Every structure is written in C-alpha cells, then in structure tokens.
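S.K.: please find the sequence and the predicted model below.
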Number of protein chains: 8
Amino acid sequence: MDKSELLRLLNNVAAGEITPESAADILRAAPFEELGFAKPDHHRGIRQGAGEVIFGAGKTAEQMLKIAQSLLSGGQKRVLITRLSREKFELLQNKIDIEYYETAKIGIIGGLPKDKTESEILIITAGTSDIPVAEEAAVTAEFLGNSVKRIYDVGVAGIHRLLAHRNDIMQARVIIAAAGMEGALASVVGGLADCPVIAVPTSVGYGASFGGLSALLSMLNSCASGVTVVNIDNGFGAAYTASMINKKGNV
Amino acid sequence: MDKSELLRLLNNVAAGEITPESAADILRAAPFEELGFAKPDHHRGIRQGAGEVIFGAGKTAEQMLKIAQSLLSGGQKRVLITRLSREKFELLQNKIDIEYYETAKIGIIGGLPKDKTESEILIITAGTSDIPVAEEAAVTAEFLGNSVKRIYDVGVAGIHRLLAHRNDIMQARVIIAAAGMEGALASVVGGLADCPVIAVPTSVGYGASFGGLSALLSMLNSCASGVTVVNIDNGFGAAYTASMINKKGNV
Amino acid sequence: MDKSELLRLLNNVAAGEITPESAADILRAAPFEELGFAKPDHHRGIRQGAGEVIFGAGKTAEQMLKIAQSLLSGGQKRVLITRLSREKFELLQNKIDIEYYETAKIGIIGGLPKDKTESEILIITAGTSDIPVAEEAAVTAEFLGNSVKRIYDVGVAGIHRLLAHRNDIMQARVIIAAAGMEGALASVVGGLADCPVIAVPTSVGYGASFGGLSALLSMLNSCASGVTVVNIDNGFGAAYTASMINKKGNV
Amino acid sequence: MDKSELLRLLNNVAAGEITPESAADILRAAPFEELGFAKPDHHRGIRQGAGEVIFGAGKTAEQMLKIAQSLLSGGQKRVLITRLSREKFELLQNKIDIEYYETAKIGIIGGLPKDKTESEILIITAGTSDIPVAEEAAVTAEFLGNSVKRIYDVGVAGIHRLLAHRNDIMQARVIIAAAGMEGALASVVGGLADCPVIAVPTSVGYGASFGGLSALLSMLNSCASGVTVVNIDNGFGAAYTASMINKKGNV
Amino acid sequence: MDKSELLRLLNNVAAGEITPESAADILRAAPFEELGFAKPDHHRGIRQGAGEVIFGAGKTAEQMLKIAQSLLSGGQKRVLITRLSREKFELLQNKIDIEYYETAKIGIIGGLPKDKTESEILIITAGTSDIPVAEEAAVTAEFLGNSVKRIYDVGVAGIHRLLAHRNDIMQARVIIAAAGMEGALASVVGGLADCPVIAVPTSVGYGASFGGLSALLSMLNSCASGVTVVNIDNGFGAAYTASMINKKGNV
Amino acid sequence: MDKSELLRLLNNVAAGEITPESAADILRAAPFEELGFAKPDHHRGIRQGAGEVIFGAGKTAEQMLKIAQSLLSGGQKRVLITRLSREKFELLQNKIDIEYYETAKIGIIGGLPKDKTESEILIITAGTSDIPVAEEAAVTAEFLGNSVKRIYDVGVAGIHRLLAHRNDIMQARVIIAAAGMEGALASVVGGLADCPVIAVPTSVGYGASFGGLSALLSMLNSCASGVTVVNIDNGFGAAYTASMINKKGNV
Amino acid sequence: MDKSELLRLLNNVAAGEITPESAADILRAAPFEELGFAKPDHHRGIRQGAGEVIFGAGKTAEQMLKIAQSLLSGGQKRVLITRLSREKFELLQNKIDIEYYETAKIGIIGGLPKDKTESEILIITAGTSDIPVAEEAAVTAEFLGNSVKRIYDVGVAGIHRLLAHRNDIMQARVIIAAAGMEGALASVVGGLADCPVIAVPTSVGYGASFGGLSALLSMLNSCASGVTVVNIDNGFGAAYTASMINKKGNV
Amino acid sequence: MDKSELLRLLNNVAAGEITPESAADILRAAPFEELGFAKPDHHRGIRQGAGEVIFGAGKTAEQMLKIAQSLLSGGQKRVLITRLSREKFELLQNKIDIEYYETAKIGIIGGLPKDKTESEILIITAGTSDIPVAEEAAVTAEFLGNSVKRIYDVGVAGIHRLLAHRNDIMQARVIIAAAGMEGALASVVGGLADCPVIAVPTSVGYGASFGGLSALLSMLNSCASGVTVVNIDNGFGAAYTASMINKKGNV
C-alpha cells in the first residue's frame, strides 16, 4: 500500500464508501506484518513495485532474513539491505539469492531495476576515503531506478581537478557531495552548481574532525545556496532524497 | 551572466571561438563589480531576470543601498534583503523604493514576480514562535517565483492537528518543516510525505535546546527518509533549495 | 529495614523510646553489611519482601555472587542483576539458581513475583534496535510486581503504525517510551497520552546521534507536557519510577 | 474536548455511530480555533473544567490576550500564562482580570481552583536562587488543583538542614527537586524518598555550570532510583507530571 | 636535588659563592639524565629520600625499567609506577624487585616507607566501581609516607551509610572523595568536613556521564566550600596534593 | 555552632547526656534561621568568631541586608559579601556599616580581622585582566585571617618575569594561580612550587577560550603534580581552601 | 632589550663577564616596569626600534595611557593598541597623539613605519563581514613594517572570483585567509598557494557556526598542506606570525 | 608540474601563446592520473624533484603501492607514506624498495635527500609520549630537505629542563612544539622564541584531555605571539609549513 492508496482509503472512509471498521482492519492488517521483533512497513519507504529497505546495522542475519521474506511475500520485487557486513552477507547467501556490493556494504535481493532515469545523479567525493559513503549513495540510487555518475577524489585542495569536471557539475539535475575533514567540497560545488546539492559529511579524518563533526558543521554553514545536509556517513539518506528530486523532473 | 552563460563562455574559449584575453576580460569585468567593501556577484544566486539576494545581517544601510544599486544597474529587476531590521529598512526607504515584510525581516526592491509556479511549496511550523523563520522561507520562495502554502502551529504534541492536514502533506511536491525545541515535526512530516522535506531547526526553546542544537541534531537523525537539513534559523536557504526542486518539476 | 521502619526508628530515638546507642547500633549494623568491597544496602531500593538490585556492569561474577548471597541471607526473597553479560551469567549459574533474560541482559535469582498489578505499564519503542533497553525496563517492571504491555517498532516515521495503538496509549496509567536517533517518539506519545510518560533515550544511531545525545536533548525539549527523562539506555531507572507510579494507583 | 472524549469519538466512528464526515468536522472544528498565528488547542493540555496553559515567552501581550479569550469563550474556566514578564502582565491587566505571581512569572485568569488534593506535592530547592523555578512549579501545581508544600534553601552542603525535613521527604507522594550548580540535591532526596522525584536542573551558577548543563548531567546520572529529569528551568513541566502522579493516587 | 637545594644553588650564584659555570654544570647534569627517549627528573616530584614517580601509561616495560634504574642509581630509594598493566608488571618482575598492587594498577620498587604520618588521609568512594581510582590514590599516599583510612561505597543515595562515618569526616585533616556518575559525594562530604576535600571525578557511569564529564562538572560546581578538583580518574594527583597538605600539619 | 560543636552534640545524644528532643530542638533551631527566602547557616562556612559569607549574585540588596542582620544578631562578628555590584553596595551602605573592595566586588561588614597568619598565601595572575578574580581570592583570604602576597601579570609568555619571583614561589606554603586564555601558568608554577597550587581558570579571553573552558581543561590536565582546580572565576573558593591549608600549618 | 640582547646577557653571566648580581639587576629592572596593575614588557613582543603592543580589550583608557607612556619613555618609538573601542580612543586622543583605524579597531601612537618590506603579505577574506578581522591583521602587519595586499569578499561559493586572483595567490610569500561560516577559503587558497597560509576563523555566521567554532574546526582539518590556524578573530596573531615569515625572506 | 609551471601555463593561455585546447589537454592529462579509486596529484604537494606524499591511513597496501608506482613513473624521485602501520609496511616491502621509520609510522621510497638546509627546524616535545607525533614531523621535514634538531621531554612542569635549551630556542628559525595534556609548552616556547612556533596538540592524556581537545584549545589561546596551530597529532602538517618557512630563508 503506497501513500496515495493510504490517502484514498482515508478519503473513502470520509466519503462513507468504506466502513470505518473495514478501514481500520485494512489499516491495521495490510501495511505491516507482526514478526514479534519488527514491523516491516509496506508503505514506509518506497513505492510498490520498486522495493523496500532494511537498515542492517544491529540486526542479526536471521532477523534480516525474516524481514526480507515478509517483504517479498508481501509483493515487493526487490529488497535493499544497508550496513551489511561481509560476515552477515555470507550467512544470508546460504538462504536467499542476494548480491553484495562490498565497498557500499549493501546487499540487494531481486537485482537492480532495468529501467533507469535518463537524467543522472552526480556523486562527488573529496577523497578516496569518502568512497564507501559515496558508494552507499550510488548503489541506493541505482536500486531506486536512477542513473548515476561518479566523480571521486576531487577535493578542493586541488581545485583544478574539481574544475576539470565543471561541465558535469553545472549541468547536473541533483548532486551528492561527500566529504570528511573540513567538508569544503560542498561549498565549492554548491557555488558552481545550479541544482540542489545534498551534502554528506563523512567520519573521515582524525583529531579535531571529531568523527565527522567538523565536516557536518562546515556543510551546515555553507555560504553557497542550494546546499542541504544529511547525517554523518548517511549515504542512503542522501540518495533517497536525490532520487525523489531526480525522478520529479523525469516523469 | 547566469551559469549556463558562464559555461558557454568557458567552452567557447576551449573551442577557440573567443580569445582567452577577451574571455578573461569578460570573466573579470562582467560578473561582479568592485565596491571596495563587497563584490556583488551577478551569477552567485539567481537566474537573470529573477533577482539577487543581499544577506543583510552585519551590513549598514549605506552598504546595502550601494550593493542594491549596483545590482539594479547591472540589470537585475528585483533585489531581496534578508535579516533586515526595521531600523535599517526605515533608513533605506528614504533612498529607494522598498517593501518590508516585518515578520520575515525581509525587504524587497522591485516587488514580487507576478508569474508563479502552479505547484506549491508547503511550509509547516511546529509552533507560533517558529513563524519568523517560516516567513523568511515563505517570502524568499515567493520572491523566487513560487506559490506557497502555509500551515503553522501544528506541532507533534497535538498530532491530530497535524493529521488534519494530511492531504496537503501527502500531495506536496516539496515541504519546508520549521521547528525548534525537539524538532520532531520533521520526522513525522517526513514519514507522511512522498516528497523531499527540507528541515529547518529554529533557535526556539530554552535550557537544553542550546540555541537550536537540540532541533538540529534531532533533524539530522531523523528516522524518516527524504529529510535533509539546513542551518539553524536558515529559512532563506531552505526556500532556495525548495525553489530549485519545485521549479524542476514545473518546466 | 524499609524506609518507614527507618523513619520509625529515628522518631523513636527522638521520642526517647530507644537509646541513641541502640539506634546507632541498629542503624550501623542492620541496613548494610560490610563485604570489604561493597555495602549491600537493605533499604536502598526496594520494599522488604520484594527484592534488591545489583548493577552488574563492572563487577566480577564473584563479587555479584557475594552481594547476592548477603542479600538473600539478609532476608531478600529475590535479587535482580542488571547489565549481566552471558559470560558472567554462565559463571553464576554454576553457583546459584538464576534465570537469564538474554535481550534484557538481566539475571533474576528467586524468580518473578506471582502477584502483579492489575493496571499495566505500557512500554513502547521506536525501532527494533531499541528493544534491549525496553526489555531491561520490562523485566525490571515485572520483577517489581507490575503487569507490562509491550508495543515495539512503532516509530513516528510511520505514524499510522503508532496511531493503530492509540487506545492503549490514551488509556495507560504510565508509559515508558524508548527511542534513539531523533527520539521524537516521546513527544508524539506524550501528546496522545493522559498519563506520565518516562522517556528513555537510547544510544541507537550513528554519526550526529553522538551516542544518544541527540535523543536525550530531543526528549528534554519535548513540547508535550507530562514527559520526564532518564539517562541514556537507562531502562532500569525508567521501570523503577514507572513502578512507583503504577503501584500508587493500585493500592 | 478532553482525551477520553476524543477516544470516544474515534471509537464511535469505528462503531458506525457517527458518520466520518461529522467526525472529521468535529475533529477539525472543535479542538482548536484558527487565530491566524496560533491554534489554541482545547485538548492539548488539561482536562475540561480545569484550565489551559499559554507559554508566554516570545508572545506579545496582544497575542496572549487573543488566545486567552479564545480559550475562555471555548469553555475554559481558567487560564495559566507562564514566563510572563511584569511589563506584559501590566498590559494584560488593563484588558482582562488577571492575577500575577511575581516570583513565578505566572499570570492566572480565573483564579486558582478551590478544591485541592489531600496529598501534597513537595517542592524542594537547593538554594535561594532556585526559588523562581520552584515557584513556577508550585503555582502551576496549585493551578492544576494540587496542595503544595515548599521547602527552600536546603542544599546538600548543609546536609543537616535537609535532614531536618526527613519526615516530609520520606512520607511524600511525589517530590519536585530544583537545583542548579552541581544538582546533587536530586540524588540525596532520591535516596531518602520512597516516591517519584522529578528533578529540575536550574540555570543557577556560573563558569563551568554552563547555563545549567552541569546540574542537568548530574541529575540524569543520579545514582538514586526513582529520579527522572525535565529541561533546565522547566518548573512548569515538572509540576505537570507531578500533578498527574499526585492525582492518580487521590481519585 | 630537591627544590630547596635548587633554590640554594641559584642564590649561591646570585651571591657569587659559586661560579655560574659550575652552577650551570650542576644544573644541567645533576637533575636529569639523558636516556634518549626520556629525561628522568630528580627534582620533578618528590623529596630526596622519598621516591620518584613514573607514569606508566604508554611506556614499554623496557622504557620503564631504564628510567627506574636511572632513578635508583641516582640515589632514589624507591620508585612508584602508576597505570601499570599486569602484563607489563610481569615483564618487569623478571628484571627487578617490584611489588604489584592489582586494583591500583601500581608497581612499587623499594617498598613502602616504614615511617608514616600520625594524621590520616581519608579516602571515600561513592560506589564499588570507584575503588580502582581510590586505590591509586591510597597506594600513592602510602608511598609518600602517609597513613590512609579507606571508606568505600558510601554514595549519597544512601545518605545514612555516609552519615554513619560522620566522625571520621568531621575530624579529618584532608579528604579525597572519588565518585563517578553524578559526583554528588564531593558536595555532601565538603559540607560535613572542616578540611580540604580533593574531589576525583571517575569515569564510572554510562550514557550521559560522558566518560566522567558529568562528575567533573558536578564537582567543579560544588556548592560546598573547601572542595577542589583534579582530572578524571586522577587518583595519583589527588594523593600527591593530599600528601602535601597532610605533611604540612605533621612537621 | 561550628562543626566540632555539632559533632559534640551528636555524640552527646549518642552518650545519653542530652535528650534527643533537646538535641533535635537545638539542631533545628540554632544553626539556621528562617527568613522565608533563605536559611542563613551558622555553621555552613566559617568558624565562630570569624565570619560568614553571602554569595551576592542574584540576591537583592534587601535580601542581603536581612541575611547579614540575621547573621550579626546570631553572633557573627563580620560578614563577607561576594559578587556585590557597586549599585547594590550603595544601597546597602545607607543601611549598614560596610566597606567595599571595588576590584574584588566584595563588601565586608565588621572589617578585616587584625590577627593574621604568619605564613602567606601567594596569589599569582597571568595577566592584568585576571586581577578581579585574584582580588576576590585575596580579600577573601584576608577576611579569613590570612596574610596574602600578590604577584600579578607574570604570564608564561614572558617566563623571565615569572622566574624573577622564583624565591617566593619555591618558599610558599600554598599558592593560588589565576589565569585565563590557555591557563599555562598553573603548570609552570606547579612545576616550581613545593606546595599545593590551587588553579583558578578565569573567563578572560575570546574565541576558542569559550568563556574559560580552555583554561579550565588546561589546568585539569596539568602535567605538574600538586595542582588542583576550582570553578571558572571562583576566586572565593580558591581562597577558602587555601586558608584551610595555610592555617593548618600555623596552629 | 630584545631577545638577542637577553641571550647575550645570560651568556655573559655564564661566561663570568658580568656578575650575577648585576645581571639580576638588569634582568629585573630593565625589561619591565611596575605600574601596579601591569608589567609592560620591553622584550615581550617586538624588536627594539619597532614598537610594542597593548591588548586593549578590558583595559580602561587610563590604564592604556599609563602603559603606553611607560613604553614610550622606555624607548619605544611606536605603540599599537588592539581592540580599541571608539569611545576609549576618544578619551585617549585628548591625552596623547594617536591615530585610529576604525574598521580594525586599532589605535597607533607614533605612526606607521616608513620603511616597508618589498614582499607583500596577502590578506584574503571570504566575505565582507570578515573585513574587520582582516583589517586588524592588515594594520598590525603594516605597523610591523610589512607591505600588505588586500583581496576581500572572494569566498569559495563564487570560485571564479577567487580564481581571478590566482596570480597573487600563487606568487605570495605568506597569506592570511580570514573566513567565518564554513571557513572553506583556507583549504582552497592552501591548495593554490605555494607558501604558508595562516587561517583566521572569524565569528561571522549564525546558528551552527557556534561563534566561529565551525570555521575553526574546518580550518584545523584542512586537507591542504601548509595551512596553520590561530584563534577565532585573532587578526593580530595572524599578522604577527606572517610578519616573522615575511621578514625572514627579506633580510 | 609544480605550481609555477601551472601558473606559467595559465598565463600562456591568457597570452595566446598556447591554444586553450592544448592547455586543457595538458591541464587534464598531466597533473593527475586516473587509478579508479584515486587521483595522484603531481602538483598537490611538493616541488618536482623532491617528492610526493601519500596519507596512508585507511588505504590498503595494494592501493598505496599503485599510487606510489604512478607517482614514480610520473617522474617523482621519492615518495613519503604517513600513518603506515608495520603490517602494511611489511606487505609493501615485498613489492618495492622502502624504508620504515617505526616511531614516526612513516615509510619512504627513494630515500632521504642528501642536500639539506643549513638552518635547522627545531622540534620540541613536552613528554616522551609526544615523541611519535614529533617524529612524524621530523622525518617529514628531513624528507623535504631540512636539517632537524630534536629536543624531547622538556615539558613546562620542569621549567629548568626547558630553559637549559634556551640558546637553541632563541636562535631557531622555526620551531615545532608538540604537547598533549595541557599543551602549555607552546606558550612558554613562544614567549622565548623570536621565530614562528608551530604548535601540534597531541592526543596524549586521559580524562578531561578529551583526545587532545585540551591541548588544542590551550594552544589556540596561547598568550604568546607567533604561535599558530595545526590539527591534533598532525606532525606532517606542522613539518610541511615549517619547511616552507625554513626554506624561504635559505634560498
């Protein structure tokens, strides 16, 4: 049940076309299933026909398997698992058909969709250490049906390397910029770009980077307009919003 | 000179259609003008024909006037001044035709554009104290040519008040959610909405709100997908990104 | 010796019914016993006939055993050990009859009481990762003689899942709400409930959750009345206060 | 419309006894009234017949007057305004019959209720500078129909002064403990009391008290069971929860 | 060379009784010896005839051995090593005659002095988990020639346990109070005592104790006069100052 | 009633030499007096015959006057008021005979004691801006009967200025070192001195001094033994402890 | 007496060419003069013949006048006063011949030196609000005998404006880069420059800039080599180090 | 391609001496090489003929090898790898000729340069635990062609040890001062020196040192002029800037 269906249901109740009891039954039964320890939510994330997401950190392979099976039996075609360690992936692949993206720490059941958007999401990183976060974003974006273009290791300390990609930046529809340390990439890209830039601070750095705090504050204070920020290392969240933006323009 | 023009120029140099000296002259002369204390940037912000923005905090009325005049003489049709105190507005209006939006602390020279987008930017606040930040966002969005719908004082502690607006939320193209204190509004709205939600933490609160830090952290940690965050009290920045998103879908 | 006994003793001294020497002897000898490394306190926590609590973190199995034996020989019927690792539990069970609650990391000597309160303590979590903290609260509450109702994984990003339980929330006598990340659950539940809500921030999250700080600040700044807060991950403390409130209404 | 009424309405819809349209109409119209800048909520806070609360900080006298009039015309018998400065009180009293509690910075329209609970809420402060916060709690509690007992300036550095009140503490049904600086009062009182202690950190102090942060952390880390915490200087919130607890036992 | 000797030397130079060259030679050669990686300082710490201290954290057994040997060959009778792990102790005891105090994580070469002060240093802890820090203080104090009295596990949540020791507290010459969590012990002891109280915050606790920060702030903000504070877990530093105070009164 | 008297009383009760009722009467009545808003404590601070202290911040002149009068009528010979603004001093001097120390922001009723200790408390500051805090310490120390020696503006950036006073430092019985900014003074003095050094961080500085936090952390982490720390700007507290130490050695 | 003179004196003592008494007399008397509240230091800062600096914040006009007169009578030719408010300047100019640099908040007695270095110190700011800090640096540098080149308002969000100055940046001997908000300027300039870049975070910004903390952390984490950092708003300190570097290359 | 070459190229384009296409080709192709995961930058760091730097933390041995080979094939004579663990060094040395500096955690391919500057960089540490950071600086400085003088373990708590080296400090051209804990070394050295002091806070310490934050704040607030600061533990960065300064004076 996606959100427009939910709205329709609520309006049907309001319009008297369905009894509240039935509505309540539908509302309670349909959208999530009781597993005891978790309530997989069929309308939490992603449109029917696309897929559903499991946040893998802190879940056992057993728990992830049960949630995935519940989702698939509920009609999902594909499932994405983020923050999936290699160890747990190896436990899972004995039980279910799953692909593993090592750098991104993502597992995908049901494969990537074949139809992709024409326009691309541009993903840029400041350094090589930011790549795992960028890949979490990239694979998520592809799972959600987007074309993705990656430009990695173009931090602002070598500004000519970044400017060599100015055409890509100036023509993008939406950009994800991942950087740790001082996080200045977001401001420079934001100044060049004419589209929304989603900044992802990464926990890359040491000392006074305080686990990503430095990059986070830097990005929140960006002097460039059009920059918004997600949590430290949250590649998934950046891709989710970027996909919403990218798809609006496509349809 | 907007960004596509800039790109064209750079490519023309690369294509040999213009000499680098001329390009350098154009690049240096055209886009900004030396005022001694500031370099108004004709391509920093907003497309030609739309307008330009002055961040008023910490500038004297005299300085703002000079920048505005430089922009207008450079071909801008309208100028937006944020964080404009009533005192400085009163000094300005003796010298130039300017409208003042008291709650938003915004001054506009040249009026709001008449053409507006069909789709609306939805702006929601948790409490009445968040309204000034929301109005900074709303007036900025209107200045940038967007239709705006306001829903104020619907914080999550009275969830039925928020749910009464579920239709607006579920059908929105882009939402700005402004909240101080615990900032929970962003998560609840993010869970209902099927579009990007730009969360603006406000400095409303006392004690352990630490000047907006509590709401900021809350929004960055939102468990709802599709939520990105701007700086505390940054209504302008939220509106700028929202406008980018809203307009993509319109054209 | 519970607190009313202590008060009676002090008043007896004041009333001359007992010599101060005897009182001092009673005061010094009775309520706690010298083990060298710890002073088990027979009136610190819990009414006679109920039980006593050992905070297991940082104590060896040997130390916990000695304290437990001292308490049992002092007349306690049952002992609760919190933050008990499986390793230490396994050492303990060779020496004493003890039950282990894995998720809650709690060991109980002497079993749960059979008499329970009629009214229930409602325990709600935002996600599945908050369950260990919630179970620490739940098992503690049961140890203290309360009936408990659990509603897990109903975070605010899927508000309809939470609202499906509105009857339970609106009719509760006292609620424990455990959430990490942005901790918004406490505000929404607090807005629906007509009873005290004890909010437990959990250390669930990453990046800018800063080990539970985000949820902690969020809950302290809750815009809903009736919400009070305990330390991060302090399920025991939440249950202890909830039990006090629940039992007042029962007797 | 109080919460049990709301629940009844929702269940009536579910039971088919009222059409959803009517329910929606009731739900939308009744509980709050549109004033443009605020939505006074008739079921946000307090049971019908008791009263409603306005958080005065950041509202103009004009705004407070309108909200109060809306509430009174909606059937409220009395209205409490917190964080009301003397200046705004003086503006208000020209327009409406209102009493001012200077130390508590509280204004009350409609007077205090005559019926009071038999059992008392005990309010304790560490120093004289904590009294304004304690009075905010005390007057709020009285407004909500509770009997209140005040014990002020009994900080732990003079432990005999606190112990002189041990009878009151040991026999209380619920205690509010307000303290700034190191906030140790909550732990000592929590150790003596056999009832819930609601700790209110105050911003009293200087230097490393960091505006109340020291007391806040201290109270959250209290080694005494039964202590929960509210925001810095939040006397109102402490009283609101204390009243819920006190009244449960009375009825 | 102790500090009075150093002063005498400097004054001799000033008085012309020794040539500056000789003084410079003495000054450079005598007080420390070059080991390449460290400069053991014969007047850094402790009076001749007493001993010298090595901060063991982050030094290899090899390095500690060399420093100790340099000190002993320089005339020291005994050497104290703090933060000495059992592993390194076991390496050391193959090479040199050394005693190990397990709880205190202290190794002593040359044994404890036989002469002790008549007056005692009183060392108090709030809980059992604070004992390692207290023992670092206790063994250090004994190494420096002080008599020590230990009172452990008398936290303020069970105030009668602390008051049972009121005679010891009121008659002490100097007190060390070690506590984690909310650190309230220092204030209560400071209020009872008539002598300097050296407060040692410990890193005991979890969640919002933030590794001892809560106790540290609490102790710095103590409302009791006569309380000073050392670094988190710094039992050695507390004992060093306490010894200075205790010995002043003895001689 | 000083602390030894209090102890004697408690022991008398224990010895049966006084009835508990009388003891309770003495205990309740004697040591503090009810003023409604404050409980002046005759044994909180200072020995009979010396004086009592009022913390002036946040008290009205009226309140301070009443407390002072209560203390004087209770037998105190002199009263010290800290953090007393000139405005409030001027109000006070119309009502009572009081001397004002402008730099220290201290008022003294009853004059300084004539008998002083032979040994001196040495008070050192890093800069001229630290002098107000140092003077709060100096006047307090004199009020408590100590001789005081002041050495001001000898920060470590001009180490020869500090070393010019090495004789004073090396021979001192107790030292108070006040410094803002980086607070390095405490470590250098601590390294030279052979006596307790009480470090007072001051809020002098800007930017990353964060209101004294930099100096506070610096002093807590001092690599010199014998250094303990009080709250930021707490000259009074430093002097109080210093006096305890200085006087022990005198008697 | 500059530092080489001081060294010569100390070596003379070591070489027996001067008695220690005389040396001590010279050392004590010459370099600083007792004013009671301050010790102007003739070798603290600046070479003989150049000048001396007074940190004006928190000093009265009276105090600054006395220190300046002491310095001038000690042979200084010129005196620089930083953080001098216009009010205090106006008091000073009645007593002494002094020039005021309004934006820099600097007063100079004795004028700027006529001889300047051939090479320039380049001073760059991100925005117009950073200019006051940059001017403090610029005027200080000129006072110390340096040529200065200013490039203001070239923040990274408009990267072409900054790149228009690439020749100046690439050829500089030393650069001062002042920026608030996200402080990204330092990294981009550091990446372009082949000389030391001294980064000055400014307190410009709002919300999560936390008074300059964001820019400070950003600059400390700069991914560009050759960047070092001074305190927030410390234009003076940046200029002082820049002058040292600039002059090394000149002589 | 070093920076002056880059500048020459850009100016050639501006002067029409080279076509922009060729320039673009040179600019894109020459300076960095695509390895897929990283873009080794031939002008990022160090002059041609000197060498290039790889930040080893978080890179696999495989990745470092590829980057190094790319650099060497691009004409670099030597490569420096920082933060290289012994494990990864051992993997590397099977594939390439590399020297390992254990304490500095640095690997060098191609050896140290034979020509060294006449003037020395002076590197000072407060304690022995700061030596690894100091060695990272020392080996980097030598790699960059500088002579280095090391003075270790001369913290300010034993000021005579530091002063014994006053000649070195007063005559230095540039100093690196590494210290953890309270970081006071920078201020004392800064006060003695007549040259730039680059302060490196180290993460040495415990408790309230908060991983180097204490030393960092201390150094930023240094009261000595001429002190600038780099990130915590950033020995490389300090050496890089020191080398720039040292070499300016040499050529």
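M.R.: Ah, there it is.
S.K.: quick check: closest non-adjacent residue to residue A:200.
M.R.: residue A:178 (4.3 Å; Cβ to Cβ, 6 or more residues apart in numbering or on different chains). For glycine as for every other residue, the C-beta is placed from the backbone atoms N, C-alpha and C.
S.K.: how about the one you found, what does it touch?
M.R.: A:123-126, A:130, A:133-134, A:137, A:185, A:199-200, A:202, A:235, A:238 (Cβ atoms under 8 Å, 6 or more residues apart in numbering or on different chains).
S.K.: show me where the stretch 1-150 of chain A has strands.
M.R.: For the stretch 1-150 of chain A, the strands defined by DSSP state E, counting those that start in this stretch cover A:52-55, A:79-82, A:98-101, A:106-109, A:120-125, A:147-151.
S.K.: can I get the host helix or strand of the residue nearest to residue A:200 as PDB, trimmed to CA atoms?
M.R.: Under the criterion DSSP states H and E, the helix or strand holding residue A:178 is strand A:174-179. Output in PDB follows, covering the C-alpha atoms of strand A:174-179 (Å, rounded to 0.1, in the frame of the first residue of the first chain):
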ATOM      1  CA  VAL A 174      21.000  16.900  -8.500                       C
ATOM      2  CA  ILE A 175      24.400  16.400  -6.800                       C
ATOM      3  CA  ILE A 176      25.500  14.400  -3.800                       C
ATOM      4  CA  ALA A 177      28.800  15.700  -2.300                       C
ATOM      5  CA  ALA A 178      30.500  13.500   0.200                       C
ATOM      6  CA  ALA A 179      33.500  14.800   2.200                       C
END
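S.K.: now, the contacts of residue A:178 that are in helices?
M.R.: A:133-134, A:137, A:185, A:235, A:238 (DSSP state H).
S.K.: of those residues, which is the nearest to residue D:98?
M.R.: Proximity of those to residue D:98 (Cβ to Cβ) peaks at residue A:238, which lies at 51.5 Å.
S.K.: is it true that the closest one touches residue A:202?
M.R.: No - the criterion here is Cβ atoms under 8 Å, and residue A:238 misses it with residue A:202 at 10.9 Å.
S.K.: about what we covered before: where neighbours are concerned, which of the ones in helices among the contacts of residue A:178 has the most?
M.R.: Among the ones in helices among the contacts of residue A:178, the one with the most neighbours (other Cβ atoms under 10 Å in any protein chain shown) is residue A:185, at 33 neighbours.
S.K.: what sits against it?
M.R.: Counting by Cβ under 8 Å, 6+ apart, residue A:185 has contacts A:124-126, A:154-156, A:162, A:177-179.
S.K.: quick check: of these, which lies closest to chain B?
M.R.: Lowest distance from chain B to the contacts of residue A:185 (Cβ to the nearest Cβ) belongs to residue A:177, with 12.2 Å.
S.K.: the closest one: neighbour count?
M.R.: Residue A:177 - counted by other Cβ under 10 Å - has 32 other residues nearby.
S.K.: how much space between it and residue A:130?
M.R.: Per Cβ to Cβ, to the nearest Å, residue A:177 is found 9 Å from residue A:130.
S.K.: nearest residue to whichever residue of the stretch 101-250 of chain A sits closest to chain F other than its sequence neighbours?
M.R.: When scored by Cβ to the nearest Cβ, the stretch 101-250 of chain A has residue A:208 as its residue closest to chain F, at 10.9 Å. Nearest non-adjacent residue to residue A:208, counting by Cβ to Cβ, 6+ apart: residue G:220, 4.4 Å away.
S.K.: next one: that neighbour from residue C:124, what distance?
M.R.: Residue G:220 is 42 Å from residue C:124, where distance means Cβ to Cβ.
S.K.: likewise residue A:232?
M.R.: Distance from residue A:232 to residue C:124, by Cβ to Cβ: 27 Å.
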